[in-house]
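Undergrad: Got a predicted structure plus its sequence, pasted below:
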Amino acid sequence: MTTIRLTMAQALIRFLDQQYVEIDGQELKFVHGVMGIFGHGNVTGIGEALERDPGSLQFIQGKNEQGMAHAAVAFAKQKNRLGIFACTSSIGPGALNMVTAAATATVNRIPALFLPGDTFAGRQPDPVLQQVEHAADYTVSANDAFKPVSKYWDRIVRPEQLMASLPQAMRVLTDPAETGAVTLALPQDVQCEAFDYPAAFFAKRVHPIDRRPMSESARRRAAELIAGKKKPFIIAGGGVHYSLAAQQLQAFAETFRIPVGETQAGKSAMAWDHPLNMGSIGATGSLAANRLAKDADLVICVGTRLSDFTTASKSAFQHPDVHFLQLNVSSLDSVKLGAVPVQADAKLALQGLREDLQAIGYSSAYITEELAQLKREWIAETDRLYALERADGLAQTRVLGEINAFLQPEDVIVCAAGSLPGDLHRLWRAERPKTYHMEYGFSCMGYEIAGAFGVKLAEPGREVYAMVGDGSYLMLHSELVTSLQEGRKITILLFDNHGFQCIHNLQREHGSDGFGNEFRYRSEATGGLTGDLMPIDFAANARSLGANAYTASTLSELRQALERAREQTASSLIHIRVLPGTNTGGYESWWRVDVAEVSASAKVRAAHEQFRGKRSAAKLI
């Protein structure tokens with residue numbers, strides 16, 4: 001047997017460089033590179049391996065471990081889970097900085113490989129710098145924090161363990177039903193230890209992503225359920241994109257005249273102006289979709305995890321005989337809301353059910369004009385919000401209307417948290433698939449700019465726009481520097497409304513006078529954060545990092561800034577001043593936020609009574 005003597009880290013890098021996936025007869029390189037920040041826990045191990053023999057893997061230097069990991073997650077999401085960047089860090093704080101991104105990957109069902117350095121397996125220098133000592137279990141390190149948010153976790157304490165662990169890691173990363181964060185904790189001494197690895201271990205490996213067909217019994221149950229219903233409604237989730245099923249979704253909806261509502265992850269699966277696309281569904285849903293969902297006697301869920309936002313905290317579906325049908329590769333998701341489960345690939349399931357229902361001549365009972373009227377009303381409402389004028393400044397919805405009109409159909413927007421996701425979900429008019437990139441499974445503040453950089457890595461030929469609030473920008477904008485370093489242009493559209501206004505609105509809607517959510521100076525008079533608003537020059541901050549930067553307080557300034565940023569070859573930031581509280585509200589929807597049952601405030605007590613009434617109307621499935 002031919003062997004190759006390599007360090008564990010060298011073997012790891014060589015193995016990753018030979019991983020490919022195959023779907024529908026197309027072979028694709030799976031691991032594109034490694035993002036990393038080096039420290040004493042990985043610089044002489046993985047760092048040496050990448051320096052001397054990276055193969056075809058690209059190394060990208062992160063500026064914040066969480067930020068670079070968000071970029072890796074966004075890259076994989078934009079690639080429809082068919083390609084990844086691994087992420088490496090030192091031990092201790094460097095590793096822990098990636099835990100949030102690991103959770104983001106797992107919640108969103110996105111493959112992400114984390115390679116944090118770990119304490120010495122040999123323990124000779126114990127305790128090493130940055131080591132967390134657990135008195136009751138000395139095998140515990142900071143990397144154990146990855147366990148709850150990883151779909152696969154291992155600690156490599158001997159070099160030869162790679163040969164057992166890496167195939168398992170790849171199994172999870174390439175499994176559409178099980179994918180998420182994979183963590184391999186790498187003790188820094190073991191990274192540098194050598195072993196005679198079989199040469200065959202480094203041969204090219206192609207991991208087939210086989211489409212899971214429906215079982216005959218599931219297919220029969222699903223077709224019978226749909227055939228017995230008059231007003232079905234489709235929820236299109238992220239699985240529509242990941243299974244490359246956008247065309248099949250549209251054909252299914254058209255064939256049987258079934259309206260479609262989109263989740264945040266599913267948005268852009270159908271063009272916004274398609275007659276059957278009723279827009280967003282749930283707590284951030286459109287009036288058209290929410291009214292149809294309320295009266296639907298069957299909800300056909302395609303590749304969605306049915307989060308509380310999608311279901312309006314299980315209050316969206318009010319028909320007395322409503323049933324749910326789940327087409328999903330994940331058994332976990334397929335049984336939610338007491339659904340009839342069809343554990344299958346979305347593309348194959350939609351194709352198969354379309355054939356079966358066509359054979360019996362099925363059609364929904366919707367009247368075309370009924371759907372068209374709902375669609376017209378929502379278009380008119382969106383137009384109204386997009387054209388909203390305020391004498392005292394820019395309304396957030398007006399700004400979005402200008403941006404939506406300016407961007408080209410192939411441009412990509414990226415967002416994650418704050419009031420923007422609700423406005424974008426309801427109002428944004430996406431014409432083509434994969435132009436709307438929203439991380440809303442974890443709604444992780446700080447994802448936006450790093451995510452835009454990751455999308456640009458995945459789609460270098462497209463213009464990519466990060467839509468971010470001032471709160472999220474202050475949390476994490478370090479990968480703006482990485483975009484400049486790598487020559488990957490992104491444009492940051494920073495909405496400045498002086499604080500965490502999304503939560504400020506939520507707080508006041510539930511009886512508060514407003515507390516701790518605006519960026520104000522501490523007042524000497526009250527002792528609280530009730531002084532003047534803090535004037536922060538975000539354009540100057542971005543300019544100091546090397547980016548182009550512009551400020552817009554009027555529509556003409558915004559239009560000019562958008563034009564100038566598009567002409568640039570390097571990353572830009574547009575600092576847009578918007579009025580607080582000018583985001584959209586709910587449209588016959590509810591999101592459960594519990595209110596204090598006992599309070600000195602009459603407003604809070606009244607809000608609690610209102611909450612109890614709405615809670616009683618929600619389903620307890």
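TA: Alright, I've got the coordinates. Numbering: from 1, shown residues only.
Undergrad: What ranges does the stretch 1-150 of the chain have for its helices?
TA: 8-16, 46-52, 65-78, 93-96, 99-107 (DSSP state H, counting those that start in this stretch).
Undergrad: Just send those helices back as TSV, with mean pLDDT, mean neighbour count and distance to residue 389 too.
TA: Just so you know, the C-beta spots here come from the backbone N, C-alpha and C atoms, and that holds for glycine as well. Converted to TSV, the helices of the stretch 1-150 of the chain look like this (pLDDT from 0 to 100; neighbours: other CB atoms under 10 Å; distance: least, CB to CB, whole Å):
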stretch	mean pLDDT	mean neighbour count	distance to residue 389
helix 8-16	98	24	54
helix 46-52	98	19	54
helix 65-78	98	29	35
helix 93-96	97	21	47
helix 99-107	98	25	37
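Undergrad: which one of the ones you listed lies closest to residue 394?
TA: helix 65-78 (27.8 Å; CB to CB).
Undergrad: rewinding a little: of all the helices of the stretch 1-150 of the chain, which lies closest to residue 494?
TA: When the helices of the stretch 1-150 of the chain are compared for distance to residue 494 using CB to CB, the nearest one is helix 65-78, at 16.1 Å.
Undergrad: Counting by contacts, list what that closest one packs against.
TA: Judged by 3 or more CB pairs under 8 Å, 6 or more residues apart in numbering; DSSP states H and E, helix 65-78 is in contact with strand 31-36, strand 84-89, helix 99-107, strand 112-118, strand 436-438, helix 447-458, helix 479-486.
Undergrad: all strands in the stretch 251-400 of the chain, in order from the N-terminus.
TA: 260-262, 277-280, 298-302, 323-328, 340-343 (DSSP state E, counting those that start in this stretch).
Undergrad: Quick check: neighbours of the longest one in the sheet, parallel or antiparallel?
TA: Each strand pairing with strand 323-328, determined using DSSP bridges, is listed with its direction: strand 298-302 (parallel), strand 340-343 (parallel).
Undergrad: and the longest one, which residues are buried?
TA: Within strand 298-302, the residues that count as buried by 16 or more other CB atoms under 10 Å are 298-302.
Undergrad: ok, those vs residue 7, which is closest?
TA: Once CB to CB is applied, the member of those that ends up nearest residue 7 is residue 302, at 46.1 Å.
Undergrad: Do I have it right that that closest one meets residue 241?
TA: No - with contact defined as CB atoms under 8 Å, residue 302 does not reach residue 241; the gap is 10.6 Å.
Undergrad: so which of the strands paired with strand 323-328 comes closest to residue 49?
TA: That would be strand 340-343 among these, by CB to CB, at 39.6 Å.
Undergrad: For that closest one, list the C-alpha coordinates in CSV.
TA: Taking Å, rounded to 0.1, in the frame of the first residue of the first chain, the C-alpha atoms of strand 340-343 are listed here in CSV:
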residue,chain,number,x,y,z
VAL,A,340,-49.3,14.7,5.9
PRO,A,341,-45.6,14.1,5.3
VAL,A,342,-44.0,13.5,1.9
GLN,A,343,-40.3,13.1,2.6
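Undergrad: Other residues contacting that strand?
TA: 177, 212, 214, 218-219, 221-222, 225, 323-331, 334-335, 349 (CB atoms under 8 Å, 6 or more residues apart in numbering).
Undergrad: give me phi/psi at residue 575?
TA: With angles defined as degrees, to the nearest 10, residue 575 sits at phi -90, psi 110.
Undergrad: in the chain, which helix has the most residues?
TA: helix 368-386 (DSSP state H).
Undergrad: name the helices or strands packed onto it?
TA: strand 277-280, helix 287-295, helix 396-406, helix 420-427.
Undergrad: and the second one, what's its mean pLDDT?
TA: Per-residue pLDDT values over helix 287-295 give a mean of 97.
Undergrad: what angle separates it from helix 368-386?
TA: Going by axes from the mean of the first three to the mean of the last three CA atoms, to 10 degrees, helix 287-295 is angled at 130 degrees with respect to helix 368-386.
Undergrad: for helix 287-295, packing partners?
TA: strand 232-236, strand 260-262, strand 277-280, helix 368-386.
Undergrad: Give me the angle between the first one and strand 323-328.
TA: It refers to strand 232-236. Going by the same axes, to 10 degrees, strand 232-236 makes 30 degrees with strand 323-328.
Undergrad: before we move on, what about the longest one?
TA: Taking the same axes, to 10 degrees, one finds that helix 368-386 is oriented at 70 degrees with respect to strand 323-328.
Undergrad: If we go by neighbour counts, what in helix 368-386 is buried?
TA: 371, 374-375, 378-379, 381-382, 385-386.
Undergrad: I'd like the buried residues of strand 298-302 laid out as a markdown table, including distance to residue 144 and pLDDT.
TA: Below are those laid out as a markdown table (distance: CB to CB, whole Å; pLDDT from 0 to 100):
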| residue | distance to residue 144 | pLDDT |
| --- | --- | --- |
| 298 | 44 | 98 |
| 299 | 40 | 98 |
| 300 | 41 | 98 |
| 301 | 35 | 98 |
| 302 | 37 | 98 |
